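Trainee: Fold the stuff below for me.
(chains A, B and C)
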Amino acid sequence: MNETLGTLLIIAFVILGVLHVAPGLIWLERRLLALWQDRYGPNRVGPFGLFQVLADAIKMFFKEDWIPPFADKATFILAPCIINVTALTAFAVIPFAPGWSVVDMSVGLLFFLAMSSLGVYSVTLAGWASNNKYSLLGGLRASAQMLGYEVFMGLSLMGVVLMSGTFNLAKIVEAQQNTIWYCVPQFLGMMLFLIAGIAETHRLPFDLPEAEAELIAGFHSEYSSMKFGMFFIGEYIGITLISCLMTVLYFGGWDGPTFGISEGLALKLVQFGWFAAKTFVFLCLFILLRASFCRPRYDQLIAFGWKIMLPLSLANLLITGAALLALE
Amino acid sequence: MTIAFYVASAVALFATLMVVTRRNPVHAVLYLMVSLLAVAVVFFTLGAHFAAALEVIIYAGAIIVLFVFMIMLLNIGPPPSTRQESLLLTPGIWVGPSALSVLLAGLFLYVILAGGRSVQAGSYVDAKTVGISMFEIYFLGVELASMILLAGLVGAYHLGKRDLPDEAEGGNG
Amino acid sequence: MTSVPMDHGLLLAGLLFAVGLAGVLVRRNILYVLMSLEIMMNSAALAFVVAGARWSQPDGQIVFIFIVTVAAAEVAVGLALVYQMFKRMKTLDADAASLMRG
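Mentor: Okay, the predicted model is just below:
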């Protein structure tokens, strides 16, 4: 009974937490982008412009929710739901602190990969259901891009699996506590995963599916009101998810100095604090990447994925396996 | 877990029936995805967690996306192809094959249920065990599978080329 | 791990196979034929996994992986063929491709 209650608490905590992190990120992104581009950003509504997000949300809620008559209605509504459901479900396997995860799944890493591969449908179906040629092109780009980048995302993670010998995320963190953070021995794998993660969330260097200049916002040009809002929030949930995984897989998860606290809730909170701090760094990294890169051409993007990243991730897997066998 | 098995089975059967009866190809593909996810749940209840994850990653997440990609690439919207489908789905055409399939399903029912012995299935087999026996006992199978994938890669690359020489005019091109 | 009778798992596989077969026979749109083939392959894989779970052996899941491999290769080639066919004949009707030439 107590265990069930604890799990329910964690679920509520995760959903509420993530859904609040996403709008916070929108504000953070606008402020940081402004900082790096030498301007102010939103600073009028509330202290530091913090209520700007709230104002935006209210605007979005009260806009007309319009479904174009030429759209395929059921699929049109389904598409924005998929991106949120898959991203939020993937949070179920993330260990925030020892014992603090919704499920302690033996194939947790594969579960994350499964959910991220289902996320492709959202963008693709949105593009198809809008029945608009720009949206269709955006959807086509998204499905080809995600298929290509998912392949080496899975392969780049296998280096971590080889070193820790498990798919269980909590056990991967423990293995790092006992040896070394995997960002050192798996540096190449980490970079590959980061690039694949940006491509999966189609953030700026890889945001070809929505390229405003050529596709008029691509797959979501027909979306308005909260349906657009769900794509928007879904993108930030995706970024949070990838940042959490970077922390868990390569930067020791909750591992960090505990300041002499050795037991009880206080220890858990300190460990969770470390986890949150590391995740925050990666969130800022995502925003910095957006501020500093330009968009490649589409054929360059696909060629980069298949011709450079895929061989590199295979090489990483081969070298990791050989090194582990040699050290055994 | 037992209930999950039966619910997932019902969903899988229903979704699969919808796949073969839909007129809009994208809807059919979506039902196919639901069916595969339900089968993944069945795998999970049977204790095959690794297979369940692979079913979602490879089948639902890659193979079905290829279908969606192809439908979008050919841009077969509802109007013309739906009319064509309706013409092709007149009772005279589908009654015979359906009867044959029902007969086959009945045979399966009879053979499987007439066995009489009901043994319990469902025990957890972890990914490590699968991997170890895959690369020890089934080593040759892995090599063969890689060759099949290579053949598929080369075949798809050749057939997907934009300007395939037209054999009707170009002789034995 | 609570368990279900092995027969029921096999039964599900059999029924899915029959539905897939019906799809292959009834539909003339080549995309649906390919989808129905996927259903049939998947149901065969399901039967293997059920059997593997019955004897708690990894073999069922290994055969499942092989079947997925074959399915992936088959879909890649099959969809490339569909693409070529649509480009030449402007239709997805499988009967249109019944001639050996032209």
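
Trainee: Identify the spatial nearest neighbour of A:Val21, chain neighbours not counted.
Mentor: Closest residue to A:Val21 apart from its sequence neighbours, by Cβ to Cβ, 6 or more residues apart in numbering or on different chains: A:Thr240 at 5.5 Å. (C-beta placed from N, C-alpha, C; glycine too.)

Trainee: and the one you found, what element?
Mentor: Following DSSP states H and E, one finds A:Thr240 within helix A:225-250.

Trainee: buried set for that helix?
Mentor: Buried residues in helix A:225-250, counted by 16 or more other Cβ atoms under 10 Å in any protein chain shown: A:226-250.

Trainee: So what's the residue count around the closest residue to A:Ile195 other than its chain neighbours?
Mentor: Nearest residue to A:Ile195, sequence neighbours excluded (Cβ to Cβ, 6+ apart): A:Met309, at 6.6 Å. Counted with other Cβ atoms under 10 Å in any protein chain shown, residues neighbouring A:Met309 total 22.

Trainee: For A:Met246, see how far away A:Met309 is.
Mentor: Separation of A:Met309 from A:Met246 (Cβ to Cβ, to the nearest Å) stands at 17 Å.

Trainee: for the spatially most central residue of chain C, what are its contacts?
Mentor: By Cα atoms, centre = their mean, the mean C-alpha position of chain C lies nearest to C:Glu38, the distance being 2.4 Å. Neighbour list for C:Glu38: B:32, B:59, B:63, C:20, C:71, C:75 [criterion: Cβ atoms under 8 Å, 6 or more residues apart in numbering or on different chains].

Trainee: how about a cut-off of 7 Å?
Mentor: B:32, B:63, C:71 (Cβ atoms under 7 Å, 6 or more residues apart in numbering or on different chains).

Trainee: List the contacts of the lengthiest helix in chain B.
Mentor: Looking across chain B with DSSP state H, the single longest helix is helix B:91-113. Helix B:91-113 is contacted by residues C:7, C:10-11, C:14-15, C:18, C:21-22, C:25-26 when judged by Cβ under 7 Å, 6+ apart.

Trainee: for those residues, which one is nearest A:Leu317?
Mentor: Closest to A:Leu317 out of the contacts of helix B:91-113 is C:Leu10 (36.8 Å), distances taken as Cβ to Cβ.

Trainee: what's the neighbour count on the closest one?
Mentor: 21.

Trainee: do B:Val111 as well
Mentor: Going by other Cβ under 10 Å, the residues that sit close to B:Val111 add up to 12.

Trainee: Would you state the strands of chain B in chain order?
Mentor: B:120-121 (DSSP state E).

Trainee: quick one: average confidence on the helix or strand that contains A:Cys284?
Mentor: Secondary structure assignment for A:Cys284, by DSSP H and E: helix A:264-292. What helix A:264-292 shows for mean pLDDT is 85.

Trainee: Kindly state the domain boundaries assigned to chain B.
Mentor: Following automatic domain parsing, one finds the domains of chain B at B:1-78+B:92-118, B:126-164.

Trainee: any idea which of the ones you listed is most buried?
Mentor: Mean neighbour count (mean count of other Cβ atoms under 10 Å in any protein chain shown) peaks for domain B:1-78+B:92-118 among the domains of chain B, with a mean of 19.

Trainee: chain center to that domain, what's the gap?
Mentor: Relative to the chain's own centre, domain B:1-78+B:92-118 is displaced by 7 Å; criterion: Cα atoms, centre = their mean, to the nearest Å.

Trainee: sorry, back to before: what are the buried residues along the helix holding A:Cys284?
Mentor: Buried residues in helix A:264-292 (16+ other Cβ under 10 Å): A:267-268, A:270-271, A:274-276, A:278-280, A:282-283, A:286-287, A:289-290.

Trainee: and B:Val41, how far is that from C:Leu11?
Mentor: Going from B:Val41 to C:Leu11 by Cβ to Cβ gives 16 Å.

Trainee: and of the contacts of C:Glu38, the nearest to chain A?
Mentor: B:Ile63 (10.2 Å; Cβ to the nearest Cβ).

Trainee: Excluding sequence neighbours, find me the nearest residue to that closest one.
Mentor: B:Ile63 sits nearest to C:Val75 (Cβ to Cβ, 6+ apart), 5.2 Å away.

Trainee: Isn't that neighbour up against B:Leu66?
Mentor: Yes: between C:Val75 and B:Leu66 there is a contact under Cβ atoms under 7 Å: 5.7 Å.

Trainee: show me what contacts A:Asp104?
Mentor: Contacts of A:Asp104 (Cβ under 7 Å, 6+ apart): A:Ala170.

Trainee: Using the three-state scheme, assign it.
Mentor: Secondary structure state of A:Asp104, per DSSP: H, G, I helix; E, B strand; the rest coil, is coil.

Trainee: Can you pull the phi/psi pair for it?
Mentor: phi -100, psi 80 (degrees, to the nearest 10).

Trainee: Relative to A:Ile11, how far out is it?
Mentor: For A:Asp104 relative to A:Ile11 (Cβ to Cβ), the value is 14 Å.

Trainee: so where's chain C shaky on pLDDT?
Mentor: For chain C, applying pLDDT under 70 flags the ranges C:1-3, C:95-97, C:99-102.

Trainee: Would you mark the buried spots in the longest helix seen in it?
Mentor: Using DSSP H, we find that the single longest helix of chain C is helix C:59-89. By neighbour count on 16+ other Cβ under 10 Å, the buried set for helix C:59-89 is C:59-83, C:85-86.

Trainee: how much distance is there from it to the middle of the chain?
Mentor: Relative to its chain's centre, helix C:59-89 lies at 9 Å (Cα atoms, centre = their mean).

Trainee: just the contacts of C:Glu38 now: which is nearest A:Pro205?
Mentor: B:Ile63 (28.0 Å).

Trainee: who's in contact with that closest one?
Mentor: B:Ile63 makes contact with C:38, C:71-72, C:75 under the criterion Cβ under 7 Å, 6+ apart.

Trainee: one more time with 10 Å
Mentor: B:32-33, B:36, C:38, C:41-42, C:68, C:71-72, C:74-76, C:79 (Cβ atoms under 10 Å, 6 or more residues apart in numbering or on different chains).

Trainee: between these, which is closest to chain A?
Mentor: Closest to chain A, out of all of the contacts of B:Ile63 and judged by Cβ to the nearest Cβ, is B:Met33, at 7.2 Å.

Trainee: Model confidence for the closest one, exactly?
Mentor: Listed pLDDT for B:Met33 reads 90.

Trainee: if I look at it, how far off is B:Ile63?
Mentor: Between B:Met33 and B:Ile63 the distance is 10 Å, computed by Cβ to Cβ.

Trainee: same thing with B:Thr21?
Mentor: Separation of B:Thr21 from B:Ile63 (Cβ to Cβ) stands at 21 Å.

Trainee: Could you do B:Tyr157 as well?
Mentor: Between B:Tyr157 and B:Ile63 the distance, using Cβ to Cβ, works out to 17 Å.

Trainee: all helices of chain A, in order?
Mentor: A:2-36, A:52-62, A:73-90, A:108-118, A:120-129, A:133-164, A:169-178, A:187-200, A:212-215, A:225-250, A:264-292, A:298-303, A:310-327.

Trainee: Put together JSON lines for the ones you listed, with distance to B:Leu109 on each row.
Mentor: Formatted as JSON lines, those follow (distance: least, Cβ to Cβ, whole Å):
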{"stretch": "helix A:2-36", "distance to B:Leu109": "39"}
{"stretch": "helix A:52-62", "distance to B:Leu109": "53"}
{"stretch": "helix A:73-90", "distance to B:Leu109": "34"}
{"stretch": "helix A:108-118", "distance to B:Leu109": "32"}
{"stretch": "helix A:120-129", "distance to B:Leu109": "34"}
{"stretch": "helix A:133-164", "distance to B:Leu109": "39"}
{"stretch": "helix A:169-178", "distance to B:Leu109": "43"}
{"stretch": "helix A:187-200", "distance to B:Leu109": "44"}
{"stretch": "helix A:212-215", "distance to B:Leu109": "52"}
{"stretch": "helix A:225-250", "distance to B:Leu109": "44"}
{"stretch": "helix A:264-292", "distance to B:Leu109": "53"}
{"stretch": "helix A:298-303", "distance to B:Leu109": "48"}
{"stretch": "helix A:310-327", "distance to B:Leu109": "46"}
